[in-house]
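1. Have a look; sequence and predicted model below, questions after that.
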Amino acid sequence: MPQGKKPVLFILFVFLTLLFRPVSVPTQEVLRGEVLIDLEPIYAIAGGTPYPRPIDANTARMRALEEAVLFFSAMIYGWSFHYEIGEKARGLTENLELEDLGTIKFGDPAFSATDLFSRDGKFSMWADYRLSDTQRRRAGTWRSGSVRNLQALGYSPLFESGKGPEAGEGAGTAEVTVDWIGIKRATLEDAAKSGLKALFRGTERNRPREARGYIALAEFPRFFISHGQWAVSARFRLEVREIIPFAVY
């Protein structure tokens, strides 16, 4: 081969190597969790009629989708909290408020459901949610060194106040309208409140007058029935932004 052609071939080889080199694409972060729905949820008996009635696969699928949206919203956005801890000796009442920081919409294209099946009287659905760049940055703040982990139980009635067979409504009838997702949300928020109360009342050396910050769900929770109530075991991530001691007042 003529000596003058070697540099040209070498340059061409380098160019083709760079052109067809695999491009490194950042992996999109995906949240994942499992939802379980009872297909035969007989929680109460009124007038000899089981309540509520067993549900079909389509109803179970819709409830599972709604719950997954609720859980992903609580994991990505969470709540802000303001806790006035209270003190009986000083005549100060306790007050704890949670405020939603955001929700994902039902039908969001970043949401997908996989591995749907039924077993042992339960409908199981695994759900994925692909985080956008903004959501990924937000989720990353929950893994910083200042964030605490918090485990708590929450409770709420099986039925909304004034509804259900114990209130005489729907006894002996085929169907009663119940806000299932509202009940699950209330149970989850009760767990967040219980965890915050236990933290600030039990672990702070000098119990503060007020505390503010943010709390988010760390993973999909587990719901169950306990002593005639809905119960949930949930793990949270907590970021305390402000603690106001009694000395300020």
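-> Yes, it's here.
2. Tell me where this protein is predicted with low confidence.
-> Within the chain, the segments meeting pLDDT under 70 span 1-28, 41-53, 89, 145, 160-177, 203-206, 247-249.
3. and with 80 instead?
-> Counting by pLDDT under 80, the chain has low-confidence residues at 1-28, 40-55, 86-92, 142-146, 159-178, 202-208, 246-249.
4. What's the local residue count around the residue nearest to residue 243 when sequence neighbours are not counted?
-> If the residues on either side of it in the chain are set aside, residue 243 comes closest to residue 208, at 4.6 Å by C-beta to C-beta, 6 or more residues apart in numbering. C-beta here means a position set from N, CA and C on the backbone, and glycine is covered the same way. For residue 208, the count of nearby residues is 19 (other C-beta atoms under 10 Å).
5. need the contact list for residue 208.
-> Neighbouring residues of residue 208 by C-beta atoms under 8 Å, 6 or more residues apart in numbering: 85, 200, 243, 244, 245, 246.
6. could you dump stretch 111-121 to PDB, C-alpha only?
-> The C-alpha trace of stretch 111-121 is given here as PDB (Å, rounded to 0.1, in the frame of the first residue of the first chain):
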ATOM      1  CA  PHE A 111     -48.400   5.500  34.000                       C
ATOM      2  CA  SER A 112     -48.700   1.900  33.000                       C
ATOM      3  CA  ALA A 113     -50.100  -1.300  34.500                       C
ATOM      4  CA  THR A 114     -48.500  -4.700  34.200                       C
ATOM      5  CA  ASP A 115     -48.800  -8.200  35.600                       C
ATOM      6  CA  LEU A 116     -52.500  -8.300  36.300                       C
ATOM      7  CA  PHE A 117     -53.800 -11.500  37.800                       C
ATOM      8  CA  SER A 118     -56.000 -12.900  40.500                       C
ATOM      9  CA  ARG A 119     -55.100 -15.300  43.400                       C
ATOM     10  CA  ASP A 120     -56.500 -16.300  46.700                       C
ATOM     11  CA  GLY A 121     -59.500 -14.000  46.400                       C
END
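7. where exactly do the helices run in this structure?
-> Along the chain, the segments classed as helices by DSSP state H run 5-19, 57-76, 133-141, 180-202.
8. give the contact list for the residue most central in space within the chain.
-> Centroid-nearest residue in the chain, with C-alpha atoms, centre = their mean: residue 71, separated by 2.9 Å. If you count contacts by C-beta under 8 Å, 6+ apart, residue 71 has them with 33, 35, 217, 220, 221.
9. ok, now how distant is it from residue 111?
-> From residue 71 across to residue 111, the span is 11 Å (C-beta to C-beta, to the nearest Å).
10. on that earlier part again, can I get the contacts of residue 208 in JSON lines including distance to residue 135 and neighbour count?
-> Output for those, formatted as JSON lines (distance: C-beta to C-beta, whole Å; neighbours: other C-beta atoms under 10 Å):
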{"residue": "85", "distance to residue 135": "32", "neighbour count": "21"}
{"residue": "200", "distance to residue 135": "29", "neighbour count": "18"}
{"residue": "243", "distance to residue 135": "28", "neighbour count": "15"}
{"residue": "244", "distance to residue 135": "31", "neighbour count": "14"}
{"residue": "245", "distance to residue 135": "35", "neighbour count": "12"}
{"residue": "246", "distance to residue 135": "38", "neighbour count": "14"}
